[in-house]
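[1] just need the structure, nothing else, for what follows:
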Amino acid sequence: MISFPNAKINLGLHITAKRKDGYHNIESCMIPIPLTDALEMITDSKKTIFTASGFDIPGDSKDNLILRAYQLLKKDFPNLPHVCIHLHKNIPMGAGLGGGSADAAFALKLMNNLFDLILDDFLLEEYAAQLGSDCAFFVENTPKIARGRGELLEPVELDLSGTHLVLVNPGIHIGTKEAYAGVTPAPPKIKLEEVLKDKSRWQSDLVNDFEASIFPNHPEIAAIKSKLYENGAYYAAMSGSGSSVFGLFEEKPTSLEWEDSYFKFEEIL
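    Okay, the predicted model is just below:
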């Protein structure tokens, strides 16, 4: 059985409070986009195996979120058979696009179907939340307002159909420590749901708090955002903690050129 875990972008991202558990509370609108990995899983009689291709995945493969998703279900369903898992990684790693979280959530959904576990979405979201802060978003995989660590999700009416998306990743890794170093958590001054209703306000009021601390240290990321606006984007922003930057266009831009080393993705939403 095969599935195609997709990436996400953030429309606005506010760091609202520091939590006692060391995490931060956030507020953001997360949107699925059609940039995907490929995840295949088949049963095996001998042992569970994980292999990967595409972009290199750092760290020990035993710690991969997909294997952790399998082990999480195995605790509650001890009769799960061994599986052979292959992931083709096409979403850049550590890019603010949620690729690893998507892989984990789609693995849960895939196993739910493969093994006829008949788990409702709310139960899959509970499992997913144990794997990562924004994993639960990818269970229903529809536009949501995310709060808490990212696991508290509310549906939002948002139609971006026909919008041209341009996504650029310069290959810069932004660590968690660096991302939060220049952020002072504070409750949002403007209600996110109200801003989302009026696209004319997005450029001024739909803010990613991480940009203020990351752009001075990485002007090349800020330059990508500026270039997207210069070429007609009605909204552009860094996604998550970066370093990916996206632009939304009413019409397909025709004069955008990027460094050969950059990862580039264009699609109609």
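[2] determine how far the helix or strand of the chain with the lowest mean pLDDT lies from the middle of the whole chain.
    Using mean pLDDT, DSSP states H and E, the weakest-scoring helix or strand in the chain turns out to be helix 176-181, at a mean of 82. Relative to its parent chain, helix 176-181 has a centroid offset of 18 Å by C-alpha atoms, centre = their mean, to the nearest Å.
[3] likewise stretch 18-26?
    19 Å.
[4] okay, buried residues for that stretch please.
    24-26 (16 or more other C-beta atoms under 10 Å). All C-beta spots, glycine's among them, are computed from the backbone N, C-alpha and C.
[5] repeat for stretch 219-229
    Quick answer for stretch 219-229 (16+ other C-beta under 10 Å): 221-222, 224-225, 227-228.
[6] outside of that stretch, which residues touch it?
    With contact meaning C-beta atoms under 8 Å, 6 or more residues apart in numbering, stretch 219-229 is reached by 166, 168, 170, 172, 203, 211, 214-215, 236-238, 242-243, 245-247, 256, 258.
[7] just the buried ones from the residues you listed?
    166, 168, 170, 211, 214-215, 236-238, 242-243, 245-247, 256.
[8] still on that earlier bit, mind checking which of the contacts of stretch 219-229 are in strands?
    166, 168, 236-238, 245-247 (DSSP state E).
[9] now render those as TSV, adding pLDDT and distance to I15.
    Below are the ones in strands among the contacts of stretch 219-229 laid out as TSV (pLDDT from 0 to 100; distance: C-beta to C-beta, whole Å):
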residue	pLDDT	distance to I15
V166	98	26
V168	98	24
A236	98	20
A237	98	15
M238	98	13
V245	98	19
F246	98	20
G247	98	23
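[10] max pairwise distance over those: which two?
    Across the ones in strands among the contacts of stretch 219-229, the longest distance by C-beta to C-beta is 13.4 Å; it joins V166 and M238.
[11] was I right about A102 contacting F138?
    Yes - if you go by C-beta atoms under 8 Å, A102 and F138 touch, sitting 4.7 Å apart.
[12] identify the contacts common to those two.
    Counting by C-beta under 8 Å, 6+ apart, the common neighbours of A102 and F138 are 5-6, 8.
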